[in-house]
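# Build me a structure from this.
(chains A and B)
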Amino acid sequence: MSQLVVGKEILEQMIAQAKVAEPIEACGILAGNAGRVEKFYEMTNVDKSSTHFTMEPSEQFSVMKDARANGLELLAIYHSHPLTPARPSQEDIRYALTPGATYVILSLKDDEPVIKGFTIENGTATEVPVEVAEE
Amino acid sequence: MKIVVNGEEFESKDGLTISELLVEQEVKMPDMVSVELNGEILKRSVFETASLNEGDKVEFLYFMGGGQWD
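Now for the predicted structure:
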C-alpha cells in the first residue's frame, strides 16, 4: 500500500479512544477500500497493559465479518503508544503477521498526538504515509 | 466438497483437516492463527484432527497484538 488515507473524523475517534484508554494501550482495526479508511473498529485490549496489546479473537472475527458484509477490507491494525514514539517495537514487528496489513501507531507521548503507518515484512518496518483527509 | 473460507467458496478434498486447510491457504505460522468453524472458535490442539464437511464455513485470522517502543 503506497499510502493510507484516514478521514479527520475517524482520526479524532482514534485519538479519543486512545486518550480514554491512557495509560493502557488502545487498539483497533481500520477497514476500507483502495487505501482509504471507511470504518474504524474499536477493539478491546485484553492485556489491559500500558506496554502491550492483544486483540480478542472473537471480536476480531466479528469485525472481519462485519467489514466483509459492508464491502470493506482490512486495511490497517492500529494501536496506541501512550508513553513512547510512533515507531514499531520489536514486539510489534515480531507479531506483524497479517498479510497486506498496514500497522498504524498513534503516539500520545507529546502534547499533540502523532500517527504513523508502517508495512512490516520479513522483520523490516517501512513507513507508509498516513494522509489525514478533510471529510 | 465445497467449503467457505473467509467468505469465499473453495473446492476441497473430502475430510480436509484444519491443519491441511491452513497449509492450502499458505498460512506460514499456524500457531499464531485463530480458527472459527461454523461460528465456534477451535482450540489449536484440534487443528490436526478436526476435519471439514461439505458446506462448512471456516474463518481464520492471525494474532493481532504487540507492544510499545523498547
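
# Please name the nearest non-neighbouring residue to B:Glu54.
In space, and not counting its chain neighbours, B:Glu54 is closest to B:Met1: 4.2 Å by Cβ to Cβ, 6 or more residues apart in numbering or on different chains. The way it works is simple: take the backbone N, C-alpha and C, and place the C-beta from them, glycine included.

# do B:Gly39 as well
Nearest one to B:Gly39, counting by Cβ to Cβ, 6+ apart, is B:Lys57 at 7.5 Å.

# Can you show me the strands along chain A?
Applying DSSP state E to chain A gives strands spanning A:4-7, A:27-33, A:36-43, A:52-54, A:73-81, A:102-107, A:114-121, A:124-128, A:130-133.

# TSV for the ones you listed, including mean neighbour count?
As requested, these are arranged in TSV below (neighbours: other Cβ atoms under 10 Å in any protein chain shown):
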stretch	mean neighbour count
strand A:4-7	21
strand A:27-33	23
strand A:36-43	19
strand A:52-54	24
strand A:73-81	26
strand A:102-107	24
strand A:114-121	19
strand A:124-128	14
strand A:130-133	15
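
# Switch these over to JSON lines; also include distance to B:Glu20 and mean pLDDT.
JSON lines is the format used below for these (distance: least, Cβ to Cβ, whole Å; pLDDT from 0 to 100):
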{"stretch": "strand A:4-7", "distance to B:Glu20": "35", "mean pLDDT": "98"}
{"stretch": "strand A:27-33", "distance to B:Glu20": "28", "mean pLDDT": "98"}
{"stretch": "strand A:36-43", "distance to B:Glu20": "30", "mean pLDDT": "98"}
{"stretch": "strand A:52-54", "distance to B:Glu20": "27", "mean pLDDT": "95"}
{"stretch": "strand A:73-81", "distance to B:Glu20": "25", "mean pLDDT": "97"}
{"stretch": "strand A:102-107", "distance to B:Glu20": "30", "mean pLDDT": "97"}
{"stretch": "strand A:114-121", "distance to B:Glu20": "26", "mean pLDDT": "96"}
{"stretch": "strand A:124-128", "distance to B:Glu20": "31", "mean pLDDT": "96"}
{"stretch": "strand A:130-133", "distance to B:Glu20": "39", "mean pLDDT": "96"}
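
# I'd like those written out as TSV, with distance to chain B added.
As requested, those are arranged in TSV below (distance: least, Cβ to the nearest Cβ, whole Å):
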stretch	distance to chain B
strand A:4-7	17
strand A:27-33	8
strand A:36-43	8
strand A:52-54	4
strand A:73-81	5
strand A:102-107	8
strand A:114-121	10
strand A:124-128	11
strand A:130-133	17
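
# so which of these comes closest to B:Gly67?
Among these, strand A:52-54 comes nearest to B:Gly67, with 4.4 Å by Cβ to Cβ.
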